[in-house]
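1. Got a sequence here, can you build the structure:
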Amino acid sequence: SGLGGRTLITLERLRGGVATMLPAHRLTNGDIVALRDASKAAGPATKARESDHRGLVYKTTDAKVVVAVEGEAAEEMEGGFHLFKAANDVTYKRYRNVLSDLKEAKEARGNRLTDLLLDGGDGTPHFRAIPEQRAWKPLNKRLNP
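-> This next block holds a predicted model:
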């Protein structure tokens, strides 16, 4: 047991009952991973979204990956597993919260700063003219003739 009450599970690749080197991967310490029971159908749609367990990569070597999973979930884990790198849900939740806050702010109105930031204050978009481009003149005409 380790990492705040989580159970550490060592995952190895077995070929004929012998541990072998893992294929090339980009798993690093702290990555969020999903574990899917290998006995379940594994197709393109059967990825991290439908995982049986989630955990954090604790340690990686050439031959094994150590994953920290919740204590109760680890007791029921037996047999082979597919390991998928999962997306960090925290970032997506933050994006959704900000978009929700912006939507509420736009609907609420009345706050002068919000009105100014979202649509310029009077509800009409403001465009400014693009300044006329001047001909480009090199500083040293002898470079790259």
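
2. residues touching the closest residue to Asp37 other than its chain neighbours, list them.
-> Spatial nearest neighbour of Asp37, chain neighbours left out: Asp52 (5.2 Å); criterion: Cβ to Cβ, 6 or more residues apart in numbering. (Glycine included, C-beta is placed from N, CA and C.) By Cβ atoms under 8 Å, 6 or more residues apart in numbering, the contact set of Asp52 is Leu35, Arg36, Asp37, Lys40, Phe81.

3. Closest to Lys93 out of those?
-> Closest approach between those and Lys93, by Cβ to Cβ: Leu35, at 21.8 Å.

4. Give me the phi and psi for that closest one.
-> As for Leu35, its main-chain torsions (degrees, to the nearest 10) stand at phi -110, psi 130.

5. There's contact between it and His82 in this structure, I believe.
-> Yes - Leu35 lies in contact with His82 (Cβ atoms under 8 Å); the separation is 7.3 Å.

6. between these two, who's got more neighbours?
-> Using other Cβ atoms under 10 Å, the more surrounded residue of Leu35 and His82 is Leu35, with 22 against 16.

7. For that one, which residues are in contact?
-> Ser51, Asp52, His53, Arg54, Gly55, Val67, Val69, Met77, Phe81, His82, Leu83, Phe84.

8. Show the buried residues in those.
-> The neighbour count (16 or more other Cβ atoms under 10 Å) marks Ser51, His53, Arg54, Gly55, Val67, Val69, Met77, Phe81, His82, Leu83, Phe84 as buried among the contacts of Leu35.

9. how near is the fifth one to Leu56?
-> Read it as Val67. 7 Å (Cβ to Cβ, to the nearest Å).

10. Now do the shared contacts for these two.
-> Taking Cβ under 8 Å, 6+ apart as the contact criterion, the common neighbours of Val67 and Leu56 are Val33.

11. pLDDT wise, what is Val66 at?
-> Residue-level confidence at Val66 comes out at 92, pLDDT.

12. count of neighbours near it?
-> Neighbour count for Val66, taken as other Cβ under 10 Å: 18.

13. Identify the bridge partners of it.
-> Thr10, Lys59 (DSSP bridges).
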